[in-house]
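**Q** Here you go, sequence then predicted model.
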Amino acid sequence: MGNCLVAQSGGPTSVINATVAGVVKANQLNPIYETVYGGLHGIEGILQERFVDLTNMTEEENRILRQTPSSALGSCRYKLKRDNIADFEKLFEILKKYNITTMFYTGGNDSMDTVLALSEYAEKHGITGHQFVGCPKTVDNDLVVTDHCPGYGSAAKFIANTTLQTWLDVNVYTREEVFVLETMGRDAGWLAASACLSGKVDVLVLPEVVFDKELFLEQVRKCVAEKNKCYVVVSEGARFADGTYIAAAESKGDGFGHAVLGGAGHAVKEMILSSGAAKRVKVQDLSTAQRCHATDQSLTDVEESFRLGMSAHMRSQDPTFTGMMVGLKRLDTPKYEVEFVAVPAGEVANNVKNVPAEWILPNYAGVTQEALDYMRPLVEGQPVIEYENGLPKYTTPFQYR
């Protein structure tokens, strides 16, 4: 009997740990692996042989892990480059040393590329006895093929709730005011679009639509004239026709070569004030909060994340199951239901799922009913959160033990 390894990569979510909990629980119910290792800090930590034993996790530990935000195993932005043969050779030596037959890698687009790269390397070099399985997660909801990504529903719920609550706050005064909410979303506007579930968004700016400054200001002026208020939601990835981001500043990039964004909300604020479209503008950047606010977990989201981990474990019983990602398919039923499906990681890696153009209303007016119908089931339900001394119980990150 071999061992398995589960690790996390990329930006965390509030339900990413539920997938790890699912793998562990599945192996306790059906022990096809002798040891379930957790890899600390993704590929970066695996190359340093930083492992913890998750095999005999108690039921309480498993339950608390599911409500714990962020990546309990730690994450990384380490890019496994195909021309860096030394990394591949070292990694396979480590897998052999610990008798690891299956590696479950939980992450987004670049993590699925890692799953693909490892499976391709094994096939090319005739290395047998190892499987690489992708488990999707990303608050951005930008992975193709899968209907949606675990992590998105909870982030969307937090954003919709924050939109409603801040809208109520900004409307207590009679003064003229524009409120700008900035969300994550470098290439896809799913997070920004989720604010529309509140029914309070007046102007929505997404990366999928080229930013037209004059048209945007025209809509703000019109809204202010009609209501004395205007609630704007802008995605950090909003950009002009030449591809440049509207954000006032842009950093050099993360470990995967992506631009690290932020500042779109303040850039929009300056446009509004300098143009005279409004006299007062407030900005709320949701920043890290939107991906780690676990007390706003969606029950649908956390349960699907857990079940996905169990499905990945079950499928790995097939020794030919490698280079694959376990995704979600929405069923055509009256009541929302999904099934877990297997898709080649190569179909997912290095692709982006955008908000469909037909779901975006013209003139920054929001999204269609079809978009709302797609998003609404994903934010449904509230898990029972266990508290201690007034604060939620959390798993101590394994890297700090």
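**A** Now that the structure is in, tell me what you want to look at. Residues are numbered from 1 along each chain as shown.
**Q** Would you point out the helix or strand in this protein whose mean pLDDT is lowest?
**A** Lowest by mean pLDDT, DSSP states H and E among the helices and strands of the chain is helix 289-292, with a mean of 92.
**Q** Which residue is the nearest non-sequential neighbour of the residue nearest to the spatial centre of the chain?
**A** Most central in the chain under C-alpha atoms, centre = their mean is residue 138, positioned 1.8 Å from the mean C-alpha point. Distances taken as C-beta to C-beta, 6 or more residues apart in numbering place residue 108 nearest to residue 138, at 3.8 Å, with adjacent residues excluded. In this view, the C-beta of every residue, glycine as well, is placed from N, C-alpha and C.
**Q** Distance check, the one you found against residue 114.
**A** Shown here: residue 108 relative to residue 114, a distance of 10 Å by C-beta to C-beta, to the nearest Å.
**Q** so residue 281 touches residue 177, yeah?
**A** Yes: between residue 281 and residue 177 there is a contact under C-beta atoms under 8 Å: 7.4 Å.
**Q** who's more crowded, those two?
**A** Taking neighbours as other C-beta atoms under 10 Å, residue 281 and residue 177 compare with residue 281 leading, 21 against 18.
**Q** tell me the pLDDT at the more buried one?
**A** With respect to pLDDT, residue 281 has a value of 98.
**Q** who does it bridge with?
**A** residue 178 (DSSP bridges).
**Q** Show the secondary-structure elements that the longest helix along the chain is packed against.
**A** When the chain is parsed with DSSP state H, its longest helix is helix 152-170. Contact partners of helix 152-170 among helices and strands, from 3 or more C-beta pairs under 8 Å, 6 or more residues apart in numbering; DSSP states H and E: strand 177-183, helix 190-194, strand 229-235, strand 281-285, helix 289-292, helix 299-315.
**Q** Which one of these has the poorest average confidence?
**A** helix 289-292 (a mean of 92).
**Q** and stretch 42-51, which residues are buried?
**A** Neighbour counts over stretch 42-51 (16 or more other C-beta atoms under 10 Å) mark 42, 43, 44, 45, 46, 47, 50, 51 as buried.
**Q** What separation do you get for residue 27 and residue 391?
**A** Here the criterion is C-beta to C-beta. By it, residue 27 lies 30 Å from residue 391.
**Q** more neighbours, the two?
**A** residue 27 (24 against 8).
**Q** show me the contacts for that one.
**A** 4, 33, 36, 55, 313 (C-beta atoms under 8 Å, 6 or more residues apart in numbering).
**Q** Which strand or helix spans it?
**A** Assessed by DSSP states H and E, residue 27 sits inside helix 16-29.
**Q** which helices and strands does the next helix or strand after that helix pack with?
**A** Downstream of helix 16-29, the first helix or strand assigned by DSSP H and E is strand 36-39. For strand 36-39, the packing partners by 3+ C-beta pairs under 8 Å, 6+ apart come out as strand 3-8, helix 16-29, strand 51-53.
**Q** quick one, the second one and helix 152-170 angle?
**A** Okay, so that is helix 16-29. With axes from the mean of the first three to the mean of the last three C-alpha atoms, to 10 degrees applied, the angle from helix 16-29 to helix 152-170 works out at 150 degrees.
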